[in-house]
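K.L.:
This is a predicted model, with the sequence first.
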Amino acid sequence: MSKRHPRKAAPTPGAARPTVTVCRGCCCGTTSKVPRLDHAAQLAALQSSLAGVAMVRRVDCLDACEQANVIVVQPSSEGREAGGRPVWLGLVNDPDAAADITAWVEAGGPGLAEPPDILDLYAFQPSRRVRQELEH
């Protein structure tokens, strides 16, 4: 008879570690809206550099098309307890932006580390409705 080991529950997105949500829907991630960026390479760079550090998820549309490409960095549970809240970054169309986001998330992300100053240029506040849809 073999011993049964209880299965570990999958972590809730954003709970144990930060979550980086990358919009790749109707406008974000398309060459018609943002022609000079390799969208697949940007997503792959975030996924590979943040493996084991943060959950990186691709979504179809965050309904902030005027800010394409949009990336949202949500805090870990520890970051949220420290006062961190989701940070919306728009017009993330520079290949170096992924490295800046990665450095911040590796340092702890919202609530635990100050973002690089350059990310202030990308930060924006979406409508309350859009924010609530992402958080639920």
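P.N.:
Ah, there it is.
K.L.:
In this structure, mark out all the helices, start to finish.
P.N.:
39-49, 77-81, 95-106, 128-135 (DSSP state H).
K.L.:
The residue nearest the centre of the chain: what's its closest spatial neighbour, skipping adjacent residues?
P.N.:
In the chain, the C-alpha nearest the mean C-alpha coordinate belongs to Val20, at 2.0 Å (C-alpha atoms, centre = their mean). Of all residues not flanking Val20 in the chain, Val56 sits nearest, at 4.7 Å (C-beta to C-beta, 6 or more residues apart in numbering). Where you see a C-beta, it was placed from the backbone N, CA and C, and this is true even at glycine.
K.L.:
Please report the distance of that neighbour from Pro115.
P.N.:
Per C-beta to C-beta, to the nearest Å, Val56 is found 17 Å from Pro115.
K.L.:
How about Ala41?
P.N.:
For Ala41 relative to Pro115 (C-beta to C-beta), the value is 22 Å.
K.L.:
Between the two, tell me which one has more neighbours.
P.N.:
Pro115 (20 against 11; other C-beta atoms under 10 Å).
K.L.:
For the chain, which segments count as strands?
P.N.:
Taking DSSP state E, the strands of the chain run over residues 19-23, 55-59, 71-74, 87-89, 123-124.
K.L.:
In JSON lines: the helices of the chain, plus distance to Asn69.
P.N.:
Putting the helices of the chain into JSON lines (distance: least, C-beta to C-beta, whole Å) gives the following:
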{"stretch": "helix 39-49", "distance to Asn69": "7"}
{"stretch": "helix 77-81", "distance to Asn69": "23"}
{"stretch": "helix 95-106", "distance to Asn69": "9"}
{"stretch": "helix 128-135", "distance to Asn69": "15"}
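K.L.:
circling back to that earlier point, out of the strands of the chain, which gets nearest to Gln47?
P.N.:
strand 55-59 (4.8 Å; C-beta to C-beta).
K.L.:
just to revisit the earlier point, the residue nearest to the centre of the chain contacts Val53, correct?
P.N.:
No - with contact defined as C-beta atoms under 8 Å, Val20 does not count as touching Val53 (9.3 Å).
K.L.:
what residues do these two have in common as contacts?
P.N.:
With contacts taken as C-beta atoms under 8 Å, 6 or more residues apart in numbering, the residues that reach both Val20 and Val53 are Val105.
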